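Enquirer: Have a look; sequence and predicted model below, questions after that.
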Amino acid sequence: MALCKHSSFRVRRAAVQALPRLVCGSSMEDVQEKLIPCFFKLSKDDTYRVRKSVGECLVDMSRSLMLLPSTLVDSQGYRGKNTGALNESLQELRRKNLIPICSRLLQDSHKVVRHGMMQFLGPFIASFYPLEGDGHTPEDKDGIVQILSGKEAENVVGGMGVQFFPHANGMVSRLNPNNISAPVAEKEAPPTPRSELPIDSIEYLESHLPSFLEKCHNDAKSLVRILHHRDKHPASAKDIAAVQEKLLPAYVQLANTNTGDENVDAEMRVYCAYSLPAVVLLLGKNGWDTSLKACFFKLITGSSGAGLSKGNQESSASFVPLPVKRCLASSFHTMCNMIGPTAMKATPEEKANNLDLLIIFEMHFLRDADDTVRLNVIRNLPSFLSLLSFGKRSKYLPVLYEIIRGDNMLASKRKNALNPILLNWRQRDMIAQILPNLIVLFRADQVRQYLWPILKILLSDSVNIVRENVEWSIPILLRCYDVNNCSVGGDGDVSAASKFCSAACNEVFLFLKATLLENKPSSPNAKASSGAFSKRQSYCRIVSAVALILRLNAYGKSNDNLYMDDSKVKYPPHPFYTLSTAEYKHLHQLLKQVLLPPALSMKEDKVTNVRLTLAKCLRVMPLDIRDAGEVSIILRTLDDEIETWEGGGGQNMDTDVPPTKIKISGMSMSGSSAVDATKPAKKSETVSVYSGRNEIGVNGIQEGKTKASRQNDEDSSLASI
């Protein structure tokens, strides 16, 4: 405490930064009588650098006060007492001291102090969101600290915490490491490598799912969980009233602040946009309707919205800093989920001024000229569309179809002189990643008309990673074409639904056969690449994905309940789970009778990697297919072959090949034609190794590659760009 009165401002500034850390190790009396008064006094320090530091530490001080109950309960005899009353006392202490400090710093005579406080205003408002759960302490099982830390954050929350709790993730562990150390200490060991898992275990099967599907599902679960926490543990009414009266007007003003410096104004708008989801989470629908909706429109249009017409829409939008648009595009779906479908409806006046959220979504995000803005909003497209009614969602599908296939997305073939490779493949890859979750939102006839053409384009993309990621949409597409799903929304004619199902599934298979097996061009202007073995691998992976969805559902895994208790809140469904009995039979029949036979014909393919991919595919087949008949014989034959490969590297097909030098005819290959197997094998290159223009298999087969297949390999390298 003596250092807070030191003559050197640097010492006083360092003391300010240490005060929040001292709170969690102090008694209630020390906090009330010493620490907070000292913090308050330093906020009036004669040196502006000290005052600026106080503003930067307000968020930490606010959170540390609300973390104090857990320390007192554990170490100072508060166990068994009313922790709710203790929380109320700390909330009152925060309102009476920290809010006045913030208000004063926002009006400080020095612009550096004012601008510094503006930067932390949003996170400070967000710090009033309650951390506690049912036990009224932050470390409760359903508390926010547990959601932001340990195993819960790794397996459930995904990357959503920063959007809702800016400046909070790292801060929580800094202020009260005891709350975080226990979950981290009990953290499970790293996941077992796939090669060491039992082949029929659920863990082995789930390890095949792509990370983008799991991340998307985890983010959706995170959103549900945090919103459930808000409904179950609302913020203090007194806190909300104080924030709305003292802090919210200054925060909303950040959206169109005018400091006289354009760079500073743009920077303040970025800070406002970054914190907006957290502020909406705290204040909810009421705060959105009263102030935050206007704030959002100011940020995204550069105007308050009054009198904004089609004629001046572009000129207004041109003043919006690009980082603001990128930030809002990334968080748009979260804000829509927080305010709910009802609050998303526009008033007649808002529609007249083009301030309908759907119009904003289309004109300012999906049609934006910046690739990153479009990428950020496409990433969360299924989450946003799921909020719309089915009728409105269906009306919007043709618009999405037009935009996605337009010049800025799938039709774009931009290049530059220094890098002749296509530049916007990440945008196409993101569309490929969201397709499984988009398909489940629409009827079968809509999917066939609007989404299947997009899927076909991506299956023929010039970039390998795009093609690989879109392959995971095929099982969801075929699931959608089950006869029971085809009859939904129609006249109930089972015969017509059956014909539609048959025609749609046959269309998919014929396309896969022509494009991947017969190597025909996917469009009149496209060129076929003769003998491209990667297409045969692609077909095997698609068959494997269909088999995987059947195996995962055979375990009966469900994603219905949010918690294993009486809660009726449900997680969003995972596209690879919750098959109905009819859907399971439908996919099983397609796999066994239509998709699998062409794959089995590759058992003697001359390219080793194709046989390896086939073996991986057969390993995840439903047990009634894998362990009987021709499939069982082929799989045993391939396994025997793999075990004989030099170095035994094929025994664990999901690991890298051990260090080995390959020789042919007693000669060690070197120079441009050398094959060095000491380097880790890349995906799909576990067995055969490539160098220059030759493919060398371990059995000594050397196959000259055509120009088209070499081009395919060059395309595959785009994933590393």
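Expert: That came through, no problem.
Enquirer: quick one, what contacts the closest residue to residue 621 other than its chain neighbours?
Expert: Spatially, and ignoring its direct neighbours in sequence, residue 621 is nearest to residue 547 (4.8 Å; C-beta to C-beta, 6 or more residues apart in numbering). Quick note: C-beta positions are derived from backbone N, CA and C, even for glycine. When the contact criterion is C-beta atoms under 8 Å, 6 or more residues apart in numbering, the partners of residue 547 are 591, 617, 620, 621, 622, 625.
Enquirer: what are the phi and psi angles of the third one?
Expert: In terms of degrees, to the nearest 10, the main-chain angles of residue 620 are phi -100, psi 10.
Enquirer: Would you confirm that it contacts residue 205?
Expert: Yes - because the distance of 6.4 Å satisfies C-beta atoms under 8 Å, residue 620 is recorded as touching residue 205.
Enquirer: Need the residues touching each of those two.
Expert: Overlap of the contact sets of residue 620 and residue 205 (by C-beta under 8 Å, 6+ apart) consists of 548, 551.
Enquirer: In stretch 629-637, which residues are buried?
Expert: Using 16 or more other C-beta atoms under 10 Å as the burial criterion, the residues of stretch 629-637 that qualify are 631, 634, 635.
Enquirer: Restrict it to CA atoms and write it as PDB.
Expert: Once side chains and other backbone atoms are set aside, the C-alpha atoms of stretch 629-637 remain, and they are given as PDB (Å, rounded to 0.1, in the frame of the first residue of the first chain):
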ATOM      1  CA  GLY A 629     -18.400 -62.200 -47.900                       C
ATOM      2  CA  GLU A 630     -16.100 -60.500 -50.400                       C
ATOM      3  CA  VAL A 631     -15.400 -57.400 -48.300                       C
ATOM      4  CA  SER A 632     -13.900 -59.500 -45.500                       C
ATOM      5  CA  ILE A 633     -11.600 -61.300 -48.000                       C
ATOM      6  CA  ILE A 634     -10.500 -58.100 -49.700                       C
ATOM      7  CA  LEU A 635      -9.700 -56.400 -46.400                       C
ATOM      8  CA  ARG A 636      -7.600 -59.400 -45.100                       C
ATOM      9  CA  THR A 637      -5.700 -59.400 -48.400                       C
END
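Enquirer: so how far is it off the chain centroid?
Expert: The chain centroid and the centroid of stretch 629-637 are separated by 39 Å, computed with C-alpha atoms, centre = their mean, to the nearest Å.
Enquirer: repeat for stretch 590-604
Expert: That offset, for stretch 590-604, works out to 34 Å (C-alpha atoms, centre = their mean).
Enquirer: if we can go back for a sec, just put the contacts of residue 547 in CSV and tack on secondary structure, pLDDT and distance to residue 319.
Expert: Supplementary listing: the contacts of residue 547 in CSV, determined by DSSP: H, G, I helix; E, B strand; the rest coil; pLDDT from 0 to 100; distance: C-beta to C-beta, whole Å:
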residue, secondary structure, pLDDT, distance to residue 319
591, helix, 96, 55
617, helix, 95, 54
620, coil, 94, 54
621, coil, 95, 58
622, coil, 94, 58
625, helix, 94, 61
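Enquirer: Of these, just say which sits nearest to residue 15.
Expert: Here the nearest of these to residue 15, counting by C-beta to C-beta, is residue 620; it sits at 60.7 Å.
Enquirer: now the helices for the stretch 1-150 of the chain?
Expert: Under the criterion DSSP state H, counting those that start in this stretch, helices of the stretch 1-150 of the chain are mapped to 9-23, 28-30, 36-42, 48-75, 83-106, 111-126, 144-148, 150-152.
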